[in-house]
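Model the following, please.
(2 chains)
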Amino acid sequence: MKVTSLEDLRKIKESAKDLTSARSRGATRVIIGMGTCGIAAGAREVMTAILEELDKRGLKDVAVETTGCIGMCQKEPLVDIIRPGEPRTTYGEVSPADAVRIIAEHLVNGHIVEDKVIGQTD
Amino acid sequence: MAFYRAHVLVCKGTGCTASGSPSVYEALKKELERRGLDQEVALVETGCHGMCEMGPIVVIYPEGSLYCRVTVDDVPEIVEEHLYKGRLVQRLLYTTPDTKFKVPHYRDIPFYSKQLRIALRNCGYINPDNIDEYIARDGYEALAKALTTMKPEEVITEVRTSGLRGRGGGGFPTGTKWEFCRKAQGDKKYVICNADEGDPGAFMDRSLLEGDPHAVIEGMMLGAYAIGADEGYIYCRAEYPLAIKRLRGAIAQAGEYGLIGDNIMGSDFSFHLHIKEGAGAFVCGEETALMASIQGERGMPYPRPPFPANKGLWGKPTNINNVETWANVPNIIRNGGAWYASIGTEKSKGTKVFALTGKVNNTGLVEVPMGTTLRDIVFDMGGGILNNRKFKAVQIGGPSGGCLAEQHLDLPVDYESLTAAGAIMGSGGLVVIDEDTCMVDVSKFFLEFTQRESCGKCVPCREGTKQMLLILDKISSGKGRMEDLKILEDLALMVKEMSLCGLGQTAPNPVLTTLRYFREEYEAHIRDKKCPAMVCKALISYVIDPEKCRKCGLCAKNCPVNCIAGDRNTPYVIDQEKCIKCGTCLEVCPFQAVSKV
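Predicted coordinates for the structure are as follows:
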């Protein structure tokens, strides 16, 4: 396509944004426990579900990170959500279906999924 | 497209390519596929990150972890530990030399945390082969802003307000230069990018062109719009094949988007850009010689006036700026001249990129605000002197620059302070010299370079540099007389005053500054016939201490001229007549019995 106006340039910029957005740590972060315990409990499937859901909803400004074992192995898979101005919320025993629910309820609508929360820290 | 949760950036600048980044890239690609991560982890090639000493460099986002000296064997561990399990590979993180702290984040490494990256802001962050990544980082927005909301004069005013000065060495105010060219009469005008970076030890222009070619192109277009030019040339030396390849790709991609061509963004501004490959003559970095070379003539300077702004390429008004100058321009237009002018010192605004090389731990590229001290650059960013040796001097500004001594370490670096100390900003080469380097040898090295590169057109430069070199040769071979220092100084001042172009006018700087700050080293060579740093071969000899010699014979076996005699019962002795002072015996002796005297 040809860029014939400022609007055209902005359009390219908008669609190109996700090319580099993962390189600046976004305001919203999803952190998945990927220690041996997490992987054994199915964290990999949870992560795949999260990535698919983010893709489906076109959410670009979210950093998806992995982390090692934090010691609460009995509650794995663990998923943490960090949104600006909110305490860090930790969800436990998350299934792929729960993960999709967490993205929809918490990340998009801002409602904490109460039945899966195991803790909140600042 | 899939949601990429992580980006793995592999540096493909010239430095990292030389240390093996292409094979690391391939290995990462295979390993990600094997692990089934290729749909969620993006692999990106970038330009230079600046810390070439630690290459190949791999940076992983969103965490922003920087891994140093990555080899193919490290790849499976990085993929499994970091990308799969989310655990940093501690052993590959940057370790601070003093506290041995493993730095988890890119931005916290002292080399980077003290920098302010404006010209280099995209280098190592975007894929230079993809124009979309440049646009995502506000690329071509300055051009759009200028074309849609600013008159050409307003662009010039903005650049004048910024206080930007030529980054190629001269330090001439860029806005003023543009204004001259704007006001010059002519139906056709040109802009030129001087990418004929030829100083030994300087590589900032190359890294910029390799890492962010569009920034240079956009800067040139803003300049062309401001002065009323519609055609541009990038004069890049052929020794920079990667830079030329990236530029060609960038120009083609910008052309596809219609960002280069006729009636850009619906305006009546048109611009066409060509690349001219230079054959690598140092003098072609001089603007008049450069234009001669573009015109297909022999690269020789001619006297000014007329200045290129009035009568330049093919006799038309022409504006020439260096790579780094151009790369600063889009940032100035986007953020405003006042923003740029708020950085730096009173007379030198903004930032400067330095190529840090020599006897320093972190060689590489650093961009710092004007007014940063040499101490900060050498010791904080550079990580101090290699092998804990003692600092002696920095050679700043390349063969046209000068050597500054320890008393200058707290000097805030800007155009004025460097000129006052006898050096120049130059293009920004910064060679760190330690106690094991002979200052006579250093000035000989740089003078040899300028003498060889002198085009020969004017007598002071052609003959003067030759005679100066002969005197330096005499001194370093122990045949100098005290009067020679006076002759050397007189000659140097004559060459500086009388030469036709910048090459000759600055060629004596290394000699003059070493004479000024390290005169006692010259005197030691002449009076005591000693080289204090033990470098000048004619003034040193290698001897074997018979007490320490264990008669192993390793020195004799390795001596290339067979001048060491001895056997199991008698200590080995070097025949000083035959010795060529190669130093091999000193290196191989396991008992430190060989020494230089």
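
Going by neighbour count, which residues in stretch B:542-561 are buried?
Within stretch B:542-561, the residues that count as buried by 16 or more other Cβ atoms under 10 Å in any protein chain shown are B:Tyr542, B:Ile544, B:Cys549, B:Lys551, B:Cys552, B:Leu554, B:Cys555, B:Ala556, B:Cys559. The way it works is simple: take the backbone N, C-alpha and C, and place the C-beta from them, glycine included.

Stretch B:96-113 too?
Residues B:Val103, B:His105, B:Tyr106, B:Ile109, B:Pro110, B:Phe111, B:Tyr112 are the ones in stretch B:96-113 that count as buried (16+ other Cβ under 10 Å).

so of those residues, which ones are in helices?
B:Pro110, B:Phe111, B:Tyr112 (DSSP state H).

Please tell me how far the residue of the stretch 151-300 of chain B found nearest chain A sits from A:Ile12.
For the stretch 151-300 of chain B, the residue closest to chain A is B:Gly258, as judged by Cβ to the nearest Cβ, at 3.8 Å. If you measure B:Gly258 against A:Ile12 using Cβ to Cβ, to the nearest Å, the figure is 11 Å.

what do you get for B:Val495?
The value you get for B:Val495 to A:Ile12, if Cβ to Cβ is used, is 53 Å.

of those two, who's got more company?
Taking neighbours as other Cβ atoms under 10 Å in any protein chain shown, B:Val495 and A:Ile12 compare with B:Val495 leading, 28 against 18.

A helix includes the more buried one, no?
Yes: under DSSP: H, G, I helix; E, B strand; the rest coil, B:Val495 falls within a helix.

check contacts around the residue of the stretch 51-200 of chain B found nearest chain A.
Across the stretch 51-200 of chain B, no residue is closer to chain A than B:Gly86, which sits at 2.9 Å (Cβ to the nearest Cβ). By Cβ atoms under 8 Å, 6 or more residues apart in numbering or on different chains, the contact list for B:Gly86 reads A:Ile31, A:Ile32, A:Met34, A:Glu65, A:Thr66, A:Thr67, A:Gly68.

mind checking how far B:Met291 is from A:Thr89?
The value you get for B:Met291 to A:Thr89, if Cβ to Cβ is used, is 64 Å.

out of the two, which sits in the more crowded spot?
B:Met291 (26 against 20).

quick one, strands of chain A?
A:28-33, A:62-67, A:79-82, A:88-91, A:117-121 (DSSP state E).

Equivalent analysis for the stretch 51-200 of chain B, please.
Assigned by DSSP state E, counting those that start in this stretch, the stretch 51-200 of chain B shows strands spanning B:58-61, B:65-67, B:94-95, B:102-103, B:190-195.

Would you mind listing what in the stretch 1-150 of chain B touches chain A?
B:1-7, B:9, B:40, B:42, B:61-64, B:83-87, B:125-126, B:130, B:132-133, B:135-138, B:140-141, B:144, B:148 (Cβ under 8 Å from any Cβ of the partner chain).

mind listing which of these are in helices?
Short answer: the residues of the stretch 1-150 of chain B next to chain A in helices (DSSP H) are B:Asp132, B:Glu133, B:Ile135, B:Ala136, B:Glu141, B:Ala144, B:Thr148.

Name only those of the residues of the stretch 1-150 of chain B next to chain A that count as buried.
The neighbour count (16+ other Cβ under 10 Å) marks B:3-7, B:9, B:40, B:42, B:61-63, B:83-87, B:125-126, B:130, B:132-133, B:135-138, B:140-141, B:144 as buried among these.

Quick check: pLDDT value at the residue of the stretch 301-450 of chain B found nearest chain A.
When distances are taken as Cβ to the nearest Cβ, the stretch 301-450 of chain B reaches nearest to chain A at B:Arg334, 12.6 Å away. Here, the pLDDT recorded for B:Arg334 equals 95.

Would you mind confirming that B:Ser595 is in contact with B:Ser541?
No: using Cβ atoms under 8 Å, B:Ser595 is not in contact with B:Ser541, being 9.8 Å away.

Got phi/psi on B:Ala215?
phi -60, psi -40 (degrees, to the nearest 10).

Could you list which residues are in contact with it?
B:Ala215 touches B:Ala119, B:Asn122, B:Tyr134, B:Gly139, B:Leu208, B:Trp326, B:Ala327, B:Pro330, counting by Cβ under 8 Å, 6+ apart.

what does the stretch 251-400 of chain B put close to chain A?
So the stretch 251-400 of chain B meets chain A at B:Tyr257, B:Gly258, B:Leu259, B:Met265, B:Gly266 (Cβ under 8 Å from any Cβ).

In helices, which of these appear?
Among those, no member falls in helices (DSSP H).

Going by neighbour count, which of the residues you listed comes out on top?
Going by other Cβ under 10 Å, B:Leu259 tops these with 25 neighbours.

B:Gln451 contacts B:Lys466, correct?
Yes: B:Gln451 is within contact range of B:Lys466, at 5.8 Å (criterion: Cβ under 8 Å).

So for the two, which residue has more residues nearby?
Neighbour totals were compared for B:Gln451 and B:Lys466, and B:Gln451 leads with 20 against 13 (other Cβ under 10 Å).

Now do the residue of chain A found nearest chain B, the pLDDT please.
Chain B sits closest to A:Thr66 of chain A, with a gap of 2.9 Å, by Cβ to the nearest Cβ. On the pLDDT scale, A:Thr66 is placed at 88.

Look up the residues forming beta bridges with the residue most central in space within chain A.
Among the residues of chain A, the one closest to the centroid is A:Val30, at 3.3 Å (Cα atoms, centre = their mean). Beta-bridge pairing for A:Val30 (DSSP bridges): A:Val64, A:Ile81.

Now do the contacts for it.
So A:Val30 contacts A:Ile50, A:Val62, A:Ala63, A:Val64, A:Glu65, A:Val79, A:Asp80, A:Ile81, A:Ile82, A:Leu107 (Cβ under 8 Å, 6+ apart).

Present the residues you listed as JSON lines; the columns should include neighbour count.
Converted to JSON lines, the contacts of A:Val30 look like this (neighbours: other Cβ atoms under 10 Å in any protein chain shown):
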{"residue": "A:Ile50", "neighbour count": "25"}
{"residue": "A:Val62", "neighbour count": "22"}
{"residue": "A:Ala63", "neighbour count": "21"}
{"residue": "A:Val64", "neighbour count": "21"}
{"residue": "A:Glu65", "neighbour count": "18"}
{"residue": "A:Val79", "neighbour count": "26"}
{"residue": "A:Asp80", "neighbour count": "18"}
{"residue": "A:Ile81", "neighbour count": "23"}
{"residue": "A:Ile82", "neighbour count": "16"}
{"residue": "A:Leu107", "neighbour count": "18"}
